[in-house]
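> have a look; sequence and predicted model below, questions after that.
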Amino acid sequence: MQAVEAGDAALDAGRLDVARQEYERARNLAPSSASGALGLLRVRFAELGLGSAYADAPENPGLKTLLDELDGLLREFPGDAAAQLERARWLIVLGDAPRALPSAQLAVRLAPEQPEAYSVLGVAQLATGQSQAAVESLEAANRLGQDDPDRLVNLGTAYMLRGRVSDAIRTFRSAAALAPADARTHGDLGAALLADGRPDEAFPHLLRATQLAPERATFLTNLGYAYQQRGELARAVETQRRALAIDPKLGSAWINLGNALADQGDYAGATAALRHAEALDPSDPRPKASLRDLAELEARPRPAPP
């Protein structure tokens, strides 16, 4: 329908008033179709100004209201692929992957040529621990709709979870080439290179991620770890402290801080940082392992001064 296409184009361009007018026209012209009403809901979602990644807006009341209205629309049009896809996407934003999964699966069955349906399904599978299924869905999404950096990043994440680090690095590089100003692409590429034991290659991407998104503590802690791997311990400690100033509950930053302090010989500071990480998440084995290593270091005889 021409009005729906015009509404979609206006929505993609951020012209929300024009999009609303076109979707209203579509609803009036074809009241037996879900497209116009769905478009109006999509405009209201855009007005909320939320992100689109997993759990970007957990418990958001405005989005919950929109989801209730969308569920009402789906009771009238249960076989509408676009509406099922939108429901899955909004549930992903809310961080409710188990509820997103059946809608994404139905969207794929109803629109098997739609790359975004496979992409959303893959994200829901990732979030519910189905990493191999997620790889298959996200590979399908990228075959159907190539050169989308967000889909490539999601695929790279799935590869990482499957231990396919080389494939992840290759995929993240493609995403970074397509979106050189996107912090997440650089952050994920840098993290994958770190996991592959290549801190010097990781460093410029991690630094770029922190420049593009200085408020992201996870980017800072990865950058700090890269400094540590490069032997720049003072910078490592300072960067971990910057990360913790943003997010004092970031366990990985406390662990990285503790390990960097240990490398500096500050065993008391290292112990305090690692104990803090352990208290934040008693089930995390990493602080315990680092504390054992630290105890062994402290137990070693120290050379006598000259």
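That came in fine, so what should we check first?

> use CA for all of it now, contacts and neighbours both
OK.

> now do the SS call for residue 14.
Three-state call for residue 14 (DSSP: H, G, I helix; E, B strand; the rest coil): coil.

> ok, now how distant is it from residue 25?
18 Å (CA to CA, to the nearest Å).

> what of residue 255?
Residue 255 is 56 Å from residue 25, by CA to CA.

> pick out whichever of those two has more residues nearby.
Set residue 255 next to residue 25 and count neighbours by other CA atoms under 10 Å: residue 255 wins out with 26 against 17.

> the nearest residue to residue 113 once chain neighbours are set aside: neighbour count?
Once flanking residues are discounted, residue 113 sits nearest to residue 144: 7.0 Å by CA to CA, 6 or more residues apart in numbering. When neighbours are defined as other CA under 10 Å, residue 144 has 15 of them.

> I'd like the numbering to begin with 15 instead of 1 from here.
Sounds good: first residue 15 from here, last item residue 158.

> wait, residue 158 sits on residue 126?
No. With contact defined as CA atoms under 8 Å, residue 158 does not count as touching residue 126 (9.6 Å).

> so for residue 313, what's the pLDDT?
pLDDT for residue 313: 83.

> residues near it, how many?
For residue 313, the tally of surrounding residues (other CA under 10 Å) stands at 9.

> any low-confidence regions in the protein?
In the prediction, the chain carries residues with pLDDT under 70 at positions 316-320.

> 90 - rerun?
When residues are selected by pLDDT under 90, those of the chain lie in 15, 67, 160-161, 311-320.

> domains of it?
Following automatic domain parsing, the chain resolves into domains at 15-59, 64-160.

> start and end of the first one, how far apart?
Translated: domain 15-59. One end of domain 15-59 sits 22 Å from the other (CA to CA).

> what do you get for the last one?
Domain 64-160 has an end-to-end distance of 25 Å (criterion: CA to CA).

> and that domain, how far from the chain's centre?
Centroid separation for domain 64-160 versus its chain: 15 Å, with CA atoms, centre = their mean, to the nearest Å.

> okay, the domains of the chain in a markdown table with distance to residue 300 next?
Shown next, in a markdown table, are those (distance: least, CA to CA, whole Å):
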| stretch | distance to residue 300 |
| --- | --- |
| domain 15-59 | 40 |
| domain 64-160 | 21 |
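
> out of the ones you listed, which comes closest to residue 223?
When the domains of the chain are compared by CA to CA, domain 64-160 sits nearest residue 223, at 16.9 Å.

> could you list the buried residues of the host helix or strand of residue 172?
For residue 172, the host element (DSSP states H and E) is helix 163-175. Within helix 163-175, the residues scored as buried using 16 or more other CA atoms under 10 Å are 163-175.

> what does that helix contact?
With contacts defined as CA atoms under 8 Å, 6 or more residues apart in numbering, helix 163-175 is touched by 133, 136-137, 140, 145-146, 148-149, 152-153, 155-156, 179, 181-183, 185-186, 188-190, 192-193, 199, 202, 206.

> go again using 6 Å as the cut-off
Applying CA atoms under 6 Å, 6 or more residues apart in numbering, the contact partners of helix 163-175 are 145, 149, 152, 182, 185-186, 189.

> now those in a markdown table, with neighbour count, secondary structure and distance to residue 83?
Converted to a markdown table, those look like this (neighbours: other CA atoms under 10 Å; DSSP: H, G, I helix; E, B strand; the rest coil; distance: CA to CA, whole Å):
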| residue | neighbour count | secondary structure | distance to residue 83 |
| --- | --- | --- | --- |
| 145 | 21 | helix | 31 |
| 149 | 25 | helix | 32 |
| 152 | 31 | helix | 29 |
| 182 | 26 | helix | 38 |
| 185 | 22 | helix | 37 |
| 186 | 29 | helix | 37 |
| 189 | 26 | helix | 35 |
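
> relative to residue 53, which of these is nearest.
Among those, and counting by CA to CA, the member closest to residue 53 is residue 152, at 25.7 Å.

> isn't that closest one up against residue 136?
Yes. With contact defined as CA atoms under 6 Å, residue 152 reaches residue 136; the gap is 5.3 Å.

> quick one: which of the buried residues of helix 163-175 is nearest residue 106?
Residue 106 lies nearest to residue 168 out of these, by CA to CA, at 13.1 Å.

> what about the nearest residue to residue 124 once chain neighbours are set aside, how many neighbours?
Spatial nearest neighbour of residue 124, chain neighbours left out: residue 95 (5.5 Å); criterion: CA to CA, 6+ apart. Neighbours of residue 95 under the rule other CA under 10 Å: 23.

> isn't residue 95 right up against residue 121?
Yes. Counting by CA under 6 Å, residue 121 is a contact partner of residue 95 at 4.9 Å.

> could you check how far residue 142 is from residue 310?
Counting by CA to CA, the gap from residue 142 to residue 310 is 38 Å.
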